[in-house]
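Chemist: Have a look at this fold, sequence not included:
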């Protein structure tokens, strides 16, 4: 059996895609498949496939009450901690295609329904806003760091 990390290719402009009787979203999903299915998934242009754990992958969480492993954390949101929910939302937002209008509100915020479709659990506007504020703060910090580096390099000349 082959273990693969698979998700919908973010630049394709879709949020869900079915292949080999498996539903994929923009969130990474770890699947264990036979060699023929692994080859088919690798060949699918609508999917992004990795043999190694990709950045942004959220580990599944065990549901202690039923003592079963969750097949995918996004399919079992009741076992996600608040931190895990926010991590999944952050991953979904960073995977949204900027060119797909339905992914964004008129105010240029990520659309809650688009995020919900990716993570597989109901996302609140408050959760979206919290994650969006963190992403914006990270973006501004990166821009400030780049500007400081550019100023330092310009001053050294």
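Modeler: Yep, it's here. Everything quoted here is computed from the prediction, not taken from an experiment. Numbering: from 1, shown residues only.
Chemist: Find the nearest non-adjacent residue to residue 25, please.
Modeler: Excluding its sequence neighbours, the residue lying closest to residue 25 (Cβ to Cβ, 6 or more residues apart in numbering) is residue 118, at 4.9 Å. Every residue, glycine included, has its C-beta placed from N, CA and C.
Chemist: mind listing what the one you found touches?
Modeler: By Cβ atoms under 8 Å, 6 or more residues apart in numbering, residue 118 lies in contact with 15, 25-27, 74, 92, 95-96.
Chemist: and whichever strand or helix holds it, which residues are buried?
Modeler: Per DSSP states H and E, residue 118 falls inside helix 112-119. Across helix 112-119, burial judged by 16 or more other Cβ atoms under 10 Å covers 112, 114-119.
Chemist: What of stretch 43-60?
Modeler: Quick answer for stretch 43-60 (16+ other Cβ under 10 Å): 44, 47-49, 56-58, 60.
Chemist: Adding distance to residue 141 and pLDDT, write the buried residues of helix 112-119 out as JSON lines.
Modeler: Converted to JSON lines, the buried residues of helix 112-119 look like this (distance: Cβ to Cβ, whole Å; pLDDT from 0 to 100):
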{"residue": "112", "distance to residue 141": "25", "pLDDT": "91"}
{"residue": "114", "distance to residue 141": "25", "pLDDT": "88"}
{"residue": "115", "distance to residue 141": "23", "pLDDT": "89"}
{"residue": "116", "distance to residue 141": "28", "pLDDT": "86"}
{"residue": "117", "distance to residue 141": "29", "pLDDT": "86"}
{"residue": "118", "distance to residue 141": "25", "pLDDT": "85"}
{"residue": "119", "distance to residue 141": "25", "pLDDT": "85"}
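Chemist: Check the average confidence over the longest helix along the chain, would you?
Modeler: Longest helix in the chain by number of residues (criterion: DSSP state H): helix 125-156. Helix 125-156 shows a mean pLDDT of 89.
Chemist: Give me the spatial nearest neighbour of residue 38, chain neighbours excluded.
Modeler: Closest residue in space to residue 38, ignoring its immediate chain neighbours: residue 2 at 4.0 Å, by Cβ to Cβ, 6+ apart.
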